[in-house]
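A.B. asks: Give the three-dimensional model of this entry:
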Amino acid sequence: MARITYITPDGTRHEVDVENGYSVMEGAINNNIDGIVAECGGACACATCHSYIDEAWLGKMPDMDDMEDSMLDAAFERRDNSRLTCQLEVSDEFDGLVVHVAENDY
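C.D. replies: Numbers count the residues shown, from 1 in each chain. Below you'll find the model as predicted:
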């Protein structure tokens, strides 16, 4: 289990425990975090779970595959630290992760 901090676009911090094996997106959905829309349900087909990974965590994230990279091209305000949270599977190594939720309600 990992404790993940989600920071919504309005600056509100939500610290929640997320079970290993769930995606970072599912952790947000299961804990009613505003801003993670997840229209496709985690199929890497919509970019509405787009978030910005805190700079301190970038080197600890798994590599992005080509499908996620292509889908992020459709995301609003893609940045160097953009990721689709549906593609990040939680493990103990994610304990302390900080995720800044992007504006996904467009």
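A.B. asks: would you list every one of the strands in the protein?
C.D. replies: For the chain, the strands defined by DSSP state E cover 2-7, 13-18, 50-53, 82-84, 98-101.
A.B. asks: in the second one, what's buried?
C.D. replies: Buried residues in strand 13-18, defined by neighbour count with 16 or more other CB atoms under 10 Å: 14, 18. Bear in mind the C-beta positions are built from the backbone N, C-alpha and C, glycine included.
A.B. asks: so what strands line up beside it?
C.D. replies: Using DSSP bridges, the neighbouring strands of strand 13-18 in the sheet come out as strand 2-7 (antiparallel).
A.B. asks: Could you do the third one as well?
C.D. replies: Looking at strand 50-53 with DSSP bridges, its paired strands and their directions are strand 82-84 (antiparallel), strand 98-101 (antiparallel).
A.B. asks: can you dump the C-alpha coordinates of the last one into CSV?
C.D. replies: Taking C-alpha atoms only, strand 98-101 is exported to CSV below (Å, rounded to 0.1, in the frame of the first residue of the first chain):
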residue,chain,number,x,y,z
VAL,A,98,2.7,13.5,-5.1
VAL,A,99,0.4,14.0,-8.1
HIS,A,100,-0.8,17.3,-9.4
VAL,A,101,-4.2,16.8,-11.1
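A.B. asks: What are the neighbouring residues in contact with the spatially most central residue of the chain?
C.D. replies: Note on the chain: the residue nearest the mean C-alpha position is residue 85, at 2.8 Å, using CA atoms, centre = their mean. In this structure, residue 85 makes contact with 23-25, 28, 36, 49-51, 99, judged by CB atoms under 8 Å, 6 or more residues apart in numbering.
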